[in-house]
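Visitor: attaching a predicted model along with its sequence, questions to come.
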Amino acid sequence: MGLESGGEDRWAVGVVVCVLVLLVVLCNALGLLLGPAGLRAGADPRERSCTAASGGSFLLMGAGFSFVYSWLFMLLVLLLFLLGGNLYMLVCKPWNNGELLQFIDASGLVPSLPNNVTFGGIYSDCTENMPIWSTLGLSQNINLEETLNMSKYTAEILEQFENSQITLSSVALLSPAVRKQLGDFPDKLKQIDFNSTREKLTNITELNLNTSANNIDRLAGTQPIAKIKAELNEAATDLRAIQRDMETVVFPQIENLKLLINELEVQAVKTNGTVATVSSEVGKAQDFLNTNTTSIVKAESRAFLNCQIQLFDAYADWAILTITEQVGRCRPVSGAVDAAVVIVCSNVVESLNAFWFSLGWCMIFFIPSIILSIKLSKYYRKMKRADEFNKHIVMNQIPRATMLQY
């Protein structure tokens, strides 16, 4: 809000000054335009037209405004000259040719920076977008590579790791109950009588209910009672239906069951060897764990530790590279300084110098303007009395010098 109000005030002052100068110019222009336009050749000065008189009045008004405002404008030109000229000569021009930074570094007005760093060097490095590490010469105060050198910590870490004792509880792959079940499994497989099962299934498939149905039909033919005969015939029909269902549904399933029993017998023979192999391998694995678990864990832990150390080394290298080459690139600082210089010198100082220079030329032209306006106004304004010239002036002849004759 303060900057905006200050800018508006400057614009208002500039507009007022320009209006006052243009007012003088306008009065003189109207005077030069109306005066000759209303002037008639050979006219009596007491009878001049209103147009010519107005032109003369405008010329006098322009001269009067020039007298009224000129001293104020002269003071304004002097103040602006002192302000704008000194700013240009003391700030803008030395900045453009590089003398200002050299003066700041050499004068001692500003406390010196550490590591023999100069403001000119800082600005030059920031212009090239250098990191703050090299710009301020921090490497002279901080040995970053020594601080982030992981090798001096690696030996201590490995020594502590080697001296550490790793104690692990015993690991049982198979419990005694499971071992007993695996040992009893082949004996239980041997107890299965696959041949007896197949014979029983074969006996089922050889069953023929149609024979029983035929015998029942013959028995029904010998019965004198019609009701009993009908019941026997119905029973024979049910047996034949059951036989048909067995032939279409049960017997195929029995054949499939026989095939499964055959495969199970084959797999049972293979399983005996597999169970023995599994028991042997598990025993070997158990023995290996009992004797090598600690060394395995320590070896894997050492591999993990080495991996972590490598990660820390890589992180330290990345940190060094980032701090020394990437962190704090200061081109925005030089950009801000250049922007400030452009604002002060190009937008403020140059405008200020152009303003007082133009206003000064206006004051210079006001001097002949005042003289000419006063001189010309009497030829355009209506006079109360005419100028009279005595045409009958007696001119006495001045005697001429003569030479005496001796």
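Guide: Looks like it arrived, so ask away. Numbering: from 1, shown residues only.
Visitor: the stretch 151-300 of the chain: strands as residue ranges?
Guide: Using DSSP state E, counting those that start in this stretch, no strands are found in the stretch 151-300 of the chain.
Visitor: residue ranges with poor pLDDT in it?
Guide: Residue ranges of the stretch 151-300 of the chain with pLDDT under 70: 166-176, 179-194, 207, 268-273, 275-276, 286, 288-290, 292.
Visitor: in which helix or strand does Met61 reside?
Guide: Taking DSSP states H and E as the criterion, Met61 maps to helix 50-87.
Visitor: and that helix, what does it pack onto?
Guide: When contacts are defined as 3 or more C-beta pairs under 8 Å, 6 or more residues apart in numbering; DSSP states H and E, helix 50-87 sits against helix 2-38, helix 350-380. The C-beta positions use only the backbone N, C-alpha and C, and glycine is treated the same way.
Visitor: out of those helices, which one sits most buried?
Guide: The highest average neighbour count among the helices and strands packed on helix 50-87, using mean count of other C-beta atoms under 10 Å, belongs to helix 350-380 at a mean of 17.
Visitor: what is the mean pLDDT for that helix?
Guide: Helix 350-380 shows a mean pLDDT of 84.
Visitor: then stretch 326-338?
Guide: The model assigns stretch 326-338 a mean pLDDT of 83.
Visitor: ok, Ile122 to Glu128 distance?
Guide: 11 Å (C-beta to C-beta, to the nearest Å).
Visitor: likewise Ala336?
Guide: Distance from Ala336 to Glu128, counting by C-beta to C-beta: 16 Å.
Visitor: next: Gln310.
Guide: Counting by C-beta to C-beta, the gap between Gln310 and Glu128 amounts to 35 Å.
Visitor: quick one, longest helix in this protein?
Guide: Using DSSP state H, we find that the single longest helix of the chain is helix 251-325.
Visitor: packing partners of that helix?
Guide: helix 132-135, helix 144-147, helix 151-163, helix 176-190, helix 194-206.
Visitor: take those helices and write them to a markdown table, including mean neighbour count and distance to Gln223.
Guide: Putting these into a markdown table (neighbours: other C-beta atoms under 10 Å; distance: least, C-beta to C-beta, whole Å) gives the following:
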| stretch | mean neighbour count | distance to Gln223 |
| --- | --- | --- |
| helix 132-135 | 17 | 122 |
| helix 144-147 | 11 | 118 |
| helix 151-163 | 11 | 102 |
| helix 176-190 | 12 | 55 |
| helix 194-206 | 12 | 30 |
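Visitor: got the contact list for Thr127?
Guide: 331, 334 (C-beta atoms under 8 Å, 6 or more residues apart in numbering).
Visitor: what's the distance between it and Ala177?
Guide: The spacing between Thr127 and Ala177, counted by C-beta to C-beta, is 82 Å.
Visitor: circling back: looking at the helices and strands packed on helix 50-87, spot the one closest to Asp317.
Guide: helix 2-38 (47.7 Å; C-beta to C-beta).
Visitor: what packs against that closest one?
Guide: Secondary structure elements in contact with helix 2-38, counted by 3+ C-beta pairs under 8 Å, 6+ apart, are helix 50-87, helix 350-380.
Visitor: among those helices, which is nearest Ala29?
Guide: helix 50-87 (8.3 Å).
Visitor: Ile122 and Glu128: which is more packed in?
Guide: Ile122 (21 against 11; other C-beta atoms under 10 Å).
Visitor: my read: the more buried one touches Thr135, true?
Guide: Yes: counting by C-beta atoms under 8 Å, Ile122 touches Thr135, with 5.7 Å between them.
Visitor: shared neighbours, these two?
Guide: The contact sets of Ile122 and Thr135 overlap at Cys330 (C-beta under 8 Å, 6+ apart).
Visitor: ok, and what's touching the next helix or strand after the longest helix of the chain?
Guide: Sequence order places helix 331-341 as the next helix or strand after helix 251-325, per DSSP H and E. Contacts to helix 331-341, defined as C-beta under 8 Å, 6+ apart, come from residues 92, 95, 123, 126-129.
Visitor: for stretch 214-230, same thing?
Guide: Stretch 214-230 is contacted by residues 232-233, 235-236, 239 when judged by C-beta under 8 Å, 6+ apart.
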